[in-house]
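Visitor: Below: sequence and its predicted model.
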Amino acid sequence: MVDKKSLSERDICSKFITPAIQKAGWNIQTQVLEEVSFTDGKIYVRGKLTARGERKRADYLLYYQDNPIAIIEAKDNKHSVRAGIQQALNYARILDIPSVFSSNGDGFIFHDRTVTDESIETELPLDAFPSPEVLWLKYKHYKGIVTPEGEKIAMQKYFSDGSGRKPRYYQQIAINRTVEAIANGQNRILLVMATGTGKTYTAFQIIHRLWKSGAKKRILFLADRNALIDQTKRGDFKHFKDKMTVVKNRMIDKSYEIYLALYQGLSGADEEANAYKQFSPDFFDLIIIDECHRGSAKEDSAWREILTYFGKATHVGLTATPKETKETSNTEYFGEPVYTYSLKQGIDDGFLAPYKVVRIALNVDAEGYRPEQGKTDKDGNAIEDRIYNRKDFDRSLVIDERTDTVAKKVTEYLKGFDRFAKTIIFCVDIDHAERMRNAIARHNADLVAENYKYVMQITGDNDEGKRELDNFINPEEKYPVIATTSELMTTGVDAQTCKVIVLDANINSMTKFKQIVGRGTRINEEFNKLYFTILDFRNATDNFADPDFDGDPLRVKPITEDVDLTTVTAEEEQEEQPIIDDITGDEIIIAPPKVREPSGHEEYQKRPKQYVNGVDVSVLVSRELYFDHNGKPITTSLKDYTKSIIQQNFASLDDFLLTWNNAVKKEAIIKELQEQGVMVEALYEAVDKQVDLFDLICHVAYDQPPLTRKERANNVKKRNYFTKYGDQARKVLETLLDKYADEGVENIESIEVLRVKPFDEYGSPIEIISEFGSKQKYLEAVKELENELYRKA
């Protein structure tokens, strides 16, 4: 008889849980997946080095067709049968699964998310696991699938091209919730997915499943940029082959089933230009609206006319930034999102790149610029005597030295980081982008001399630059490295390897801000793109503090109570939308106060942009902004922030020392502190001394004087504690000590260190370990070495 208590978790799975599932009628080959990792592991950054955290992993996922309908969390038999249920429920919530199980090999705890009475949690013997048909009924009830047509759509498989590519867990949920909503008769559907999470691939799978199941026969995919249509056609939609066409030059061919079109290509100012009317109103039964925040939600928008015309069709809106203002609302048109996958969640899951922010305040921006008496522009025209600030620069007043200083600081940053890191510089307008290209070229003359495409202006009016857009976003292409732009690259440009985003434009709209930041969120591990940096010259990253960026979309409409107008976003102020009195129903007229303008103001208003030089521009302050593990900006000092986290986890210095000294591996404590939100990389960068994280924490949280790693290593050498070991073992420990002094405690804890130089001079890892008597004794020697290192503590 096997002693279950002695078996590992894997043995419990293979000997008890898997046979029980199989006996219940599940096909192990086609319906059951084991040890399924469904996230990529959050990315942690230290200097230029990155590491991933743990992936979320389910022990078992059970499928009916392509739908995950049940999850099992397994434990070894030293645990109770219910020990895994909380973890399983957390994963079931994330994965949108109704049937949840925990097992230790003795039986199952079944948590049924479809019920609300005391049968919600029941214990089942090992031989009573539910069949696929029983759990499929639970799934249909959970999803509200009641008709045979709905079931047919829900059971339609995903498209597979044979490469093994499958939708990620959140894409599966987005696809399933959309097709299920359509199966249940919903005709207006909104999906909110952060930039870089694969909205187009998700749209492709939605269309494929509805088209293949026969639920939808003619489909229109609407976008508002040529680049988006081209990317879609060449990318995920290429599998539609000859069933798909792109509507061009208002030429309509009704023999296709999938149509890609620009809003602008279907509508226009006059009736003849409204090409969409060549189709009958019931021609399409599904319309996918990409980036639906950019106009289709406005009731008076020309694009909205297209949606109204094809009003009988199902409309699915895709956006990363749902537009919620008083008069423009996506949720007003589409209803609440059927699913939201935020930037914060994407970073936590390791599917999106985390970011650093460096804010650079220039003196003329922070203090304003007032021209000295008699100051003229480069054409000899008088400059109006007033204080100019960020909103004026590069829009109404151009200061050559300001442009030059920004270019110089960007170049400085790239020289310290990577001069060939793909970089987008967002400018105020096309003229500013043109001048910025010139300034960057002058500060990087050595690289521009090698290839003039090192920096390119990529704007709507510049054909040469637009031709280079594909090369910029292609990871394989070295050039262009730096792109200066204004509007063209704010959305829909899939720049996987963009590592630096420079903000030198006044961005007052959260929508636009999130789109711009989205240019950096994609990950490309092959090209070492795992995080990105924002260089902010316009204080635009104040937007990061907005809950809209961090959590659910913020609803601003309708206004139901008195509003402090000083808190209304700049976007709403710009749109000048009417405010309605709740009591009378009348429009409240908010007029600007009448102020006497300085003399010559009218003449100044008519004058085009003015260009000046000879102005002293310098960096007033440059600071790096840090974000905690929840994506919130840290408003206190780094020291105070770290101190508060450490003291939440360790009541006193003695408590911390006890935990540190008792830990089998220090690396585990370091990792745990990182997951708690300790900014390890930022702490290292904040001090000049080569100190251990241990010393940093003792110093920051408990005001202990720090020792460098070298000082700690020398203290151990002075104590002469190696004498009890043989010559060869002593050499190994002394080398480990040197390794610690150079790289820190994490690197000496792994046996893998024995494979690298200079340890290979002492023999193979097995030969080195034999000098200590056994592997256990070697590990004890390393532990003792660590104890000596921290002995004074």
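Guide: Sure thing, it's come through.
Visitor: Surely Asn363 touches Val615?
Guide: No - judged on CB atoms under 8 Å, Asn363 makes no contact with Val615 at a distance of 9.7 Å. Glycine gets a C-beta too; all of them are placed from N, C-alpha and C.
Visitor: quick one: contacts for the closest residue to Lys248 other than its chain neighbours?
Guide: Leaving aside its sequence neighbours, Lys248 sits nearest to Gly265 (CB to CB, 6 or more residues apart in numbering; 6.8 Å). Gly265 sits next to Val247, Lys248, Asn249, Arg250, Ala275 when contact means CB atoms under 8 Å, 6 or more residues apart in numbering.
Visitor: Put the alpha carbons of stretch 211-220 into CSV.
Guide: Provided in CSV are the C-alpha atoms of stretch 211-220 (Å, rounded to 0.1, in the frame of the first residue of the first chain):
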residue,chain,number,x,y,z
TRP,A,211,-18.4,33.8,-39.5
LYS,A,212,-17.5,30.1,-39.3
SER,A,213,-20.5,29.3,-37.1
GLY,A,214,-22.8,31.1,-39.7
ALA,A,215,-24.0,33.6,-37.1
LYS,A,216,-22.6,36.5,-39.1
LYS,A,217,-22.1,36.4,-42.9
ARG,A,218,-20.9,39.9,-44.0
ILE,A,219,-18.5,41.8,-41.8
LEU,A,220,-17.2,45.4,-41.9
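Visitor: buried ones in that stretch?
Guide: Buried positions in stretch 211-220, judged by neighbour count with 16 or more other CB atoms under 10 Å: Trp211, Ser213, Ala215, Lys216, Arg218, Ile219, Leu220.
Visitor: Please tell me how far the closest residue to Ser160 other than its chain neighbours sits from Thr114.
Guide: Nearest residue to Ser160, sequence neighbours excluded (CB to CB, 6+ apart): Lys166, at 7.5 Å. Using CB to CB, to the nearest Å, Lys166 is found at 26 Å from Thr114.
Visitor: what do you get for Val455?
Guide: 58 Å.
Visitor: Looking at these two, which has the bigger crowd around it?
Guide: Per other CB atoms under 10 Å, whichever of Val455 and Thr114 has more neighbours is Val455, with 26 against 14.
Visitor: list the contacts for the more buried one?
Guide: Arg437, Ile440, Ala441, Asn444, Val448, Pro480, Val481, Ile482, Ala483, Thr484.
Visitor: Next, count neighbours for Asn613.
Guide: By other CB under 10 Å, 13 other residues sit near Asn613.
Visitor: moving C-terminal of the helix or strand containing Ile670, what's the next helix or strand?
Guide: Assigned by DSSP states H and E, Ile670 belongs to helix 666-676. Note on helix 666-676: by DSSP H and E, the next helix or strand toward the C-terminus is helix 680-686.
Visitor: which residues touch the helix or strand following that next one?
Guide: Using DSSP H and E, the next helix or strand after helix 680-686 towards the C-terminus is helix 693-702. By CB under 8 Å, 6+ apart, the residues outside helix 693-702 that reach it are 639, 642-643, 646-647, 650, 652-653, 656, 660, 666, 670, 673, 678, 680, 683-684, 687, 691, 704-708, 712, 744-745, 790, 793.
Visitor: now stretch 460-480
Guide: Defining contact as CB under 8 Å, 6+ apart, one finds that stretch 460-480 is touched by 227, 420, 422, 430, 451, 453-459, 483, 487-489, 493-497, 524, 526-527, 529.
Visitor: Take the residues you listed and keep only those in strands.
Guide: Per DSSP state E, strands hold the following members of these: Lys422, Val455, Met456, Gln457, Ala483.
Visitor: Next, format the residues you listed as CSV and append distance to Ser774 and pLDDT.
Guide: Conversion of the ones in strands among the contacts of stretch 460-480 to CSV gives the following (distance: CB to CB, whole Å; pLDDT from 0 to 100):
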residue, distance to Ser774, pLDDT
Lys422, 51, 94
Val455, 60, 95
Met456, 62, 94
Gln457, 66, 93
Ala483, 59, 94
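Visitor: Serialize these to TSV and add fields for distance to Phe110.
Guide: Shown next, in TSV, are those (distance: CB to CB, whole Å):
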residue	distance to Phe110
Lys422	51
Val455	62
Met456	60
Gln457	62
Ala483	55
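Visitor: Which member of the residues you listed is positioned nearest Val732?
Guide: Lys422 (44.1 Å; CB to CB).
Visitor: Tell me, how many residues neighbour the closest one?
Guide: Neighbour tally, Lys422, other CB under 10 Å: 26.
Visitor: Do I have it right that it meets Thr497?
Guide: Yes - judged on CB under 8 Å, Lys422 makes contact with Thr497 at a distance of 4.9 Å.
Visitor: Closest to Val134 out of the contacts of Val455?
Guide: Nearest to Val134 among the contacts of Val455, with distances taken as CB to CB, is Ala483, at 56.2 Å.
Visitor: If I look at the nearest residue to the closest one once chain neighbours are set aside, what pLDDT would I see?
Guide: Of all residues not flanking Ala483 in the chain, Ile458 sits nearest, at 4.6 Å (CB to CB, 6+ apart). On pLDDT, Ile458 comes in at 90.
Visitor: Identify the residues contacting Ile458.
Guide: Here Ile458 is in contact with Gly465, Lys466, Glu468, Leu469, Phe472, Pro480, Ala483, Thr484, Thr485, Leu488, Met489 (CB under 8 Å, 6+ apart).
Visitor: Perfect, that will be all.
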